[in-house]
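In: Predicted model, plus sequence, below.
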There are 2 protein chains.
Amino acid sequence: MLFFTQCFGAVLDLIHLRFQHYKAKRVFSAAGQLVCVVNPTHSLKYAPTRCAAAQASTEQGILPPCHHHEAVHDAQLVPCTCPLFSCPWEGHLEVVVSHLRQTHRINILQGAEIVFLATDMHLPAPMDWIIMHSCLGHQFLLVLRKQEKYEGHPQFFATMMLIGTPTQANNFTYRLELNRNQRRLKWEATPRSILECVDSVISDGDCLVLNTSLAQLFSDNGSLAIGIAITTSKVHSSEAEI
Amino acid sequence: MLFFTQCFGAVLDLIHLRFQHYKAKRVFSAAGQLVCVVNPTHSLKYAPTRCAAAQASTEQGILPPCHHHEAVHDAQLVPCTCPLFSCPWEGHLEVVVSHLRQTHRINILQGAEIVFLATDMHLPAPMDWIIMHSCLGHQFLLVLRKQEKYEGHPQFFATMMLIGTPTQANNFTYRLELNRNQRRLKWEATPRSILECVDSVISDGDCLVLNTSLAQLFSDNGSLAIGIAITTSKVHSSEAEI
């Protein structure tokens, strides 16, 4: 009898372990919300030259190729570089999603509200956690970056970019929400266009910023859950109605 | 005719200027919400020795006078020091409010939801903006501090302290909200007790933290409006019902 009880216990343990493994490794749906487990990728050295060159030429009135998009009638044909600045890829907006999926193996998730679960938050900076989010007929790129803006003091920066033009981005509002340990932090803003510099958005601090101690308070077992919701911007939808 | 038109214009200008002056200098009620204009006070040198001594004695198992409060039956008779660390005042919780009003000239406001309008955000760190907020039968202290945690990079830290014991503080939730330029930032947490160290709450970063560029985005003409709401904590109210 004892043998059978022990066998039954072992089987239960195995099922539990299998479930834990499944939970940790896959995208799953919990309580109606899609949870995506995102593993970190080591941030390669950023190429400030490209970003700085683009900014300098804009200041001098010379628009870099990326900034000609307003003159292009079909937004999908706007010339575009890869938003990950370590990558030299150049192409059009219509193919940047497939480039990000195939070359950088970034997952794409469907749904109006999702939970982004960034793992291994303790890993040293620089580190990126990136996913694509498909909703309201567009694709968005969520970038969470751990970076040492001040030496020895890593911080976390989270922002949402639309894979589209700045004009299209103005039609949306995104919300990032952290909720744990009797604390809640919400950030709402208009997404920036992928044609802008991810690095400059983060270095300007115009995004959700967390210091390490706050990130620890919101983390559970080294993972940070960020609730993401995207809606159509009220101002622009009411303007569209007029 | 031209003379009269000019005179009328001048009178209108005077009325407008008078209104602007009135708006900037007084506490007024707008759209049902109480707006309090808070001028900065230069942060005096903090006294880390007192704070550090209190922490060290706690670690060694020797409780400083402030931490004997749980053994005192009447919370109002708990021994307490002034939360502004430049001040050597010592007394009881029941008289700390009158001390803050009389000695430090800190305003006290009534109402469940108020707007804290901090002026002259550009002034160099260290700088404090402080008010007291009376609601739900208790007094709260809101501290907004501009401080250089990393040299040459001033940041803004906002926290809410209950003028009461940590046990009483657990019964409440406070919300700070910034809303401007198509961006919204909300911070919700349990207030800390005034018997704890304001400085350590801020240095731990367990509060609303803003970098300078984000503070500028949320500011209007050098003033930062922070919406404040205090509610009874849901967890505790449901526990109380049981």
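Out: Great, that's in hand. Note that the structure is a prediction, hence the values are computed from the model and not measured.
In: quick one: low-confidence parts of chain A?
Out: Applying pLDDT under 70 to chain A flags the ranges A:1-33, A:43-76, A:85, A:234-242.
In: what do you get if the cut-off is 90, keeping everything else the same?
Out: For chain A, residues meeting the criterion pLDDT under 90 lie at A:1-94, A:96, A:103-105, A:107, A:109-113, A:126-128, A:148-153, A:195-206, A:211-213, A:233-242.
In: Residue numbers of it in contact with chain B?
Out: A:150, A:153, A:173, A:182-190, A:204-206, A:209, A:211, A:213-214, A:217, A:233, A:235 (Cβ under 8 Å from any Cβ of the partner chain). Just so you know, the C-beta spots here come from the backbone N, C-alpha and C atoms, and that holds for glycine as well.
In: Next step: those restricted to helices.
Out: A:204, A:213-214, A:217, A:235 (DSSP state H).
In: could you dump these to TSV with distance to B:C197?
Out: Below are those laid out as TSV (distance: Cβ to Cβ, whole Å):
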residue	distance to B:C197
A:D204	32
A:S213	15
A:L214	18
A:L217	17
A:V235	43
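In: and these, which two are the farthest apart?
Out: The span of these, defined through Cβ to Cβ, is set by A:S213 and A:V235 at 35.6 Å.
In: same for the helix or strand hosting A:Q168, what does it pack against?
Out: Per DSSP states H and E, A:Q168 falls inside helix A:166-169. With contacts defined as 3 or more Cβ pairs under 8 Å, 6 or more residues apart in numbering or on different chains; DSSP states H and E, helix A:166-169 has these neighbours: strand A:153-162, strand A:192-193.
In: hmm, 10 Å instead?
Out: Using 3 or more Cβ pairs under 10 Å, 6 or more residues apart in numbering or on different chains; DSSP states H and E as the contact criterion, the neighbours of helix A:166-169 among helices and strands are strand A:138-150, strand A:153-162, strand A:192-193.
In: Does A:Q216 touch A:L224 like I think?
Out: Yes - using Cβ atoms under 10 Å, A:Q216 makes contact with A:L224 at a distance of 9.2 Å.
In: what touches both of these two?
Out: By Cβ atoms under 10 Å, 6 or more residues apart in numbering or on different chains, A:Q216 and A:L224 have these common neighbours: A:121, A:210.
In: of those two, who's got more company?
Out: It is A:L224, of A:Q216 and A:L224, that has more neighbours when counted by other Cβ atoms under 10 Å in any protein chain shown, with 23 against 15.
In: What's the separation between the more buried one and A:T173?
Out: 22 Å (Cβ to Cβ, to the nearest Å).
In: before we move on, the earlier item: out of the ones in helices among the residues of chain A next to chain B, which is most surrounded?
Out: Going by other Cβ under 10 Å, A:L214 tops these with 22 neighbours.
In: excluding its backbone neighbours, what's nearest that one?
Out: Nearest residue to A:L214, sequence neighbours excluded (Cβ to Cβ, 6 or more residues apart in numbering or on different chains): B:G205, at 5.5 Å.
In: The one you found - how many residues pack around it?
Out: 19.
In: Likewise for A:R175?
Out: There are 19 residues near A:R175, going by other Cβ under 10 Å.
In: and what of A:I108?
Out: For A:I108, the neighbour count with other Cβ under 10 Å is 15.
In: so it touches A:L142, yeah?
Out: No - A:I108 lies out of contact with A:L142 (Cβ under 10 Å); the separation is 11.0 Å.
In: So for the two, which residues contact both of them?
Out: A:36, A:131-133.
In: Taking the residues you listed together, which two end up most distant?
Out: Largest pairwise distance in these, by Cβ to Cβ, is 10.0 Å, between A:C36 and A:M132.
In: which residues are common contacts for those two?
Out: With Cβ under 10 Å, 6+ apart, A:C36 and A:M132 have common neighbours A:107-109, A:142.
In: Among the residues you listed, name the ones in strands.
Out: Counting by DSSP state E, these place A:108-109, A:142 in strands.
In: if we take these, which one ends up nearest to chain B?
Out: When these are compared for distance to chain B (Cβ to the nearest Cβ), A:L142 wins out at 16.9 Å.
In: Can you get me a residue count around the closest one?
Out: 26.
In: contacting residues for it?
Out: Per Cβ under 10 Å, 6+ apart, neighbours of A:L142: A:36, A:38, A:106, A:109, A:114, A:116, A:118, A:129-133, A:158-161, A:174, A:176, A:191, A:226, A:228, A:230.
In: what's the spacing between A:H133 and chain B?
Out: 19 Å (Cβ to the nearest Cβ, to the nearest Å).
In: cool, A:R192 as well?
Out: Taken as Cβ to the nearest Cβ, the span from A:R192 to chain B is 11 Å.
In: ditto for A:D120
Out: Distance from A:D120 to chain B, by Cβ to the nearest Cβ: 21 Å.
In: In this structure that residue contacts A:N39, no?
Out: Yes - using Cβ under 10 Å, A:D120 makes contact with A:N39 at a distance of 7.0 Å.
In: how about A:T119, phi and psi?
Out: phi -90, psi 170 (degrees, to the nearest 10).
In: what's near enough to touch it?
Out: A:24, A:37-40, A:129, A:219, A:221-224.
In: Apply 6 Å and report the result again.
Out: Counting by Cβ atoms under 6 Å, 6 or more residues apart in numbering or on different chains, A:T119 touches A:39, A:223.
In: okay, now A:P124: neighbour count?
Out: If we define neighbours as other Cβ under 10 Å, then A:P124 has 9 of them.
In: do you know how far it is from A:P40?
Out: Distance, A:P124 to A:P40, by Cβ to Cβ: 10 Å.
In: Equivalent analysis for A:I226, please.
Out: 14 Å.
In: same thing with A:P88?
Out: From A:P88 to A:P40 the distance is 23 Å (Cβ to Cβ).
In: ok, back up a step: please check the residues of chain A next to chain B and keep the buried ones.
Out: Buried subset of the residues of chain A next to chain B (neighbour count, 16 or more other Cβ atoms under 10 Å in any protein chain shown): A:173, A:183-190, A:205-206, A:209, A:211, A:214, A:217, A:233.
In: picking that back up, with distance to A:L100 as new columns, can the shared contacts of A:C36 and A:M132 be given to me in TSV?
Out: Output for those, formatted as TSV (distance: Cβ to Cβ, whole Å):
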residue	distance to A:L100
A:N107	10
A:I108	8
A:L109	13
A:L142	12
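In: Closest one to A:L84 out of the residues you listed, please.
Out: So of the shared contacts of A:C36 and A:M132, ranked by how close each gets to A:L84 (Cβ to Cβ), first place is A:L142, at 13.0 Å.
In: Quick one: neighbours of the nearest residue in space to A:L210 that is not next to it in sequence, just the number.
Out: Distances taken as Cβ to Cβ, 6+ apart place A:F156 nearest to A:L210, at 4.2 Å, with adjacent residues excluded. Other residues lying near A:F156 total 24 when counted by other Cβ under 10 Å.
In: same check, this time on A:A118
Out: 27.
In: I figured it was touching A:L224, is that so?
Out: Yes - here A:A118 reaches A:L224: they are 4.7 Å apart, a contact under Cβ atoms under 6 Å.
In: just to revisit the earlier point, possible to save the shared contacts of A:I108 and A:L142 as JSON lines with distance to A:C82 and neighbour count?
Out: Shown next, in JSON lines, are the shared contacts of A:I108 and A:L142 (distance: Cβ to Cβ, whole Å; neighbours: other Cβ atoms under 10 Å in any protein chain shown):
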{"residue": "A:C36", "distance to A:C82": "21", "neighbour count": "20"}
{"residue": "A:I131", "distance to A:C82": "16", "neighbour count": "23"}
{"residue": "A:M132", "distance to A:C82": "13", "neighbour count": "18"}
{"residue": "A:H133", "distance to A:C82": "18", "neighbour count": "27"}
